[in-house]
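A.B. asks: structure for this input, please:
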Amino acid sequence: MADYQDVYYHSSDGLRLYARDYPCRSGEQASAPAILCMHGLTRNSADFAGLARHLSASYRVIAVDNRGRGLSGYDSNIANYTPATYVQDMFTLLGELGIGQVILCGTSMGGLMSFMMAAMQPERVKAMIINDIGPELDPAGLARIKGYVGKSRPVSNWTEAIAQAREINEIAFPDFTEQEWEEFTRGLYREENGVPVLAYDPAISRPMNDDDSNAVPPDLWPLFEAITDIPMLVIRGESSDILAPDCVATMREKKPDLALADIPRRGHAPTLNEPVSRLAIDQFLAAL
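C.D. replies: You can find the predicted model right below:
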């Protein structure tokens, strides 16, 4: 039996979207603080399954499928595959669920969305957990991501799917066990007629390659500087090729109270299931 409730809602432009709603297990659902978990570019709500189960002891946890991912609808207008549109979808979801103030937890693209949401409606954001992303992106990592998103070859079985996921992502998870690779892959693919298929619209890559689009914001420092009064934890994989050490140093200069956790043996991006990640998140939330 699932430990979450399925939430289907419609965006302002009529697309049917999906999220998982993990109720607070303390029984205080109405008064429990809410945490909104937002995934990276090619991922979905399954990324936060472990963390959501952990945090739902004291919090209500909402994990989303952005449009074009997971159980959310695919958009026929690919120009909508940008963080600006996703952010509007998140505000629609919060309104649908009647959630006023929220703690944001964003991985990679979800972190960029967190910056934007906090700058747009700072009164609604109690705190932020930012997973392996900053106001500027390391060009090396961005080039790597552009090299595979929407370009993966089809697979015919789960063995091939696991091998492909490992080929692309082993740089980030050098110590994954076979079981962890299988769990990771089953969160990235879904099964159609017995065949694994990537659980995202390949078209999400097209705005990234359009120099005129807003799919990859070039400079979010003005947004970051506008939200430095909001409590923030940054989690960084020690070998990340997206969040450079120099970027983190500048973030700490601009926000001296920034909490930081470096995750060993991780690239972009930590799963947030690592003991070091969990400890950092628990301590950060307890301090609020």
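A.B. asks: ok, which stretches of this structure are helices?
C.D. replies: With DSSP state H as the criterion, the chain has helices at 49-55, 83-97, 109-120, 139-148, 158-169, 178-188, 221-226, 245-254, 275-287.
A.B. asks: in contact with Ala32, which residues?
C.D. replies: Contact analysis of Ala32 by Cβ atoms under 8 Å, 6 or more residues apart in numbering lists Cys24, Ser26, Ser58, Tyr59, Arg60. Heads up, the C-betas are built off the backbone N, CA and C, glycines and all.
A.B. asks: give me the pLDDT for the first one.
C.D. replies: According to the prediction, Cys24 has pLDDT 94.
A.B. asks: among the contacts of Ala32, who's most crowded?
C.D. replies: Within the contacts of Ala32, Arg60 tops the neighbour count with 25 neighbours, counted by other Cβ atoms under 10 Å.
A.B. asks: which residues pair with that one across the strands?
C.D. replies: Arg60 forms beta bridges with Ala34, as assigned by DSSP bridges.
A.B. asks: could you dump the helices of the chain to JSON lines with mean pLDDT and mean neighbour count?
C.D. replies: Formatted as JSON lines, the helices of the chain follow (pLDDT from 0 to 100; neighbours: other Cβ atoms under 10 Å):
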{"stretch": "helix 49-55", "mean pLDDT": "97", "mean neighbour count": "20"}
{"stretch": "helix 83-97", "mean pLDDT": "97", "mean neighbour count": "19"}
{"stretch": "helix 109-120", "mean pLDDT": "97", "mean neighbour count": "24"}
{"stretch": "helix 139-148", "mean pLDDT": "82", "mean neighbour count": "14"}
{"stretch": "helix 158-169", "mean pLDDT": "95", "mean neighbour count": "17"}
{"stretch": "helix 178-188", "mean pLDDT": "96", "mean neighbour count": "17"}
{"stretch": "helix 221-226", "mean pLDDT": "96", "mean neighbour count": "15"}
{"stretch": "helix 245-254", "mean pLDDT": "98", "mean neighbour count": "14"}
{"stretch": "helix 275-287", "mean pLDDT": "98", "mean neighbour count": "15"}
